[in-house]
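Q: Predicted model and sequence follow; I will ask about them next.
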Amino acid sequence: MQVGQQWHGGPIEMTEADIIRFASEYDPQPMHIDNAAAASGRFGGIIASGWHVASVVMRDFVEAAPFGSTPLLGLKIDDLTWRVPVRPGDVLRITREVVDIAHSKSKPDRGVLTMRMTVTNQEGAVVMAFTNLIQMPTRPVIDS
């Protein structure tokens with residue numbers, strides 16, 4: 001791993017059926033589940049729950065397995081922002097960038113990888129961004 005290293009994810013197409021299904025179970029607000037209410041609301045139509053967007057981005061990361069079989073152990077998310085509504089038909093792409101690597105002082109077998117996640121739609125607009133701290137095992141130091 002090195003600072004500046006990037007991975008790309010997606011494309012993820014957001015369908016109206018998926019948006020409504022997710023929101024019906026986890027975020028049942030009118031702008032996510034009711035076409036008539038959403039159409040007359042401030043967004044002018046159905047939009048995805050931000051938690052739905054975060055969930056599909058996480059799934060994409062797990063399925064991509066950028067660290068092989070090493071599990072993704074999240075420690076913290078900072079600066080989570082939803083900047084532009086995600087609508088049915090939007091196609092999301094993700095850029096994941098390593099912004100910091102810190103070795104644990106108390107546990108030399110692990111460290112913390114800080115990654116910046118930026119999610120864009122088909123027009124290139126940033127729809128969601130956050131910083132994620134992930135605990136990672138380290139390679140043993142070999143003395144020469």
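A: That came through, no problem.

Q: Let me see the ranges of the helices in the protein.
A: 16-26, 30-33, 35-40, 50-64 (DSSP state H).

Q: Now do the contacts for the residue nearest to the spatial centre of the chain.
A: When C-alpha atoms, centre = their mean is applied to the chain, the residue found nearest the centroid is residue 57 (3.8 Å). Taking C-beta atoms under 8 Å, 6 or more residues apart in numbering, we find residue 57 in contact with 9, 12, 92, 94, 117, 119, 128. To be clear about C-beta, it is placed using only N, CA and C from the backbone, and glycine gets the same treatment.

Q: I'd like the distance between it and residue 51.
A: Applying C-beta to C-beta, to the nearest Å, the value for residue 57 to residue 51 is 11 Å.

Q: again with residue 38
A: 17 Å.

Q: Between the two, which has more neighbouring residues?
A: Comparing residue 38 with residue 51 by other C-beta atoms under 10 Å, the one with more neighbours is residue 38, at 20 against 14.

Q: which residues sit in contact with the more buried one?
A: 30, 31, 32, 44, 45, 46, 47.

Q: burial count for the last one?
A: When neighbours are defined as other C-beta under 10 Å, residue 47 has 25 of them.

Q: Share the number of residues neighbouring the nearest residue to it once chain neighbours are set aside, please.
A: Nearest residue to residue 47, sequence neighbours excluded (C-beta to C-beta, 6 or more residues apart in numbering): residue 85, at 4.0 Å. For residue 85, the count of nearby residues is 19 (other C-beta under 10 Å).

Q: In this structure residue 85 contacts residue 49, no?
A: No: contact criterion C-beta atoms under 8 Å: residue 85 and residue 49 do not qualify, at 10.3 Å.

Q: list residues touching both of the two?
A: Counting by C-beta under 8 Å, 6+ apart, no residue touches both residue 85 and residue 49.

Q: is it possible to export the helices of the chain to JSON lines including mean pLDDT?
A: What follows is those, written out as JSON lines (pLDDT from 0 to 100):
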{"stretch": "helix 16-26", "mean pLDDT": "98"}
{"stretch": "helix 30-33", "mean pLDDT": "97"}
{"stretch": "helix 35-40", "mean pLDDT": "96"}
{"stretch": "helix 50-64", "mean pLDDT": "94"}
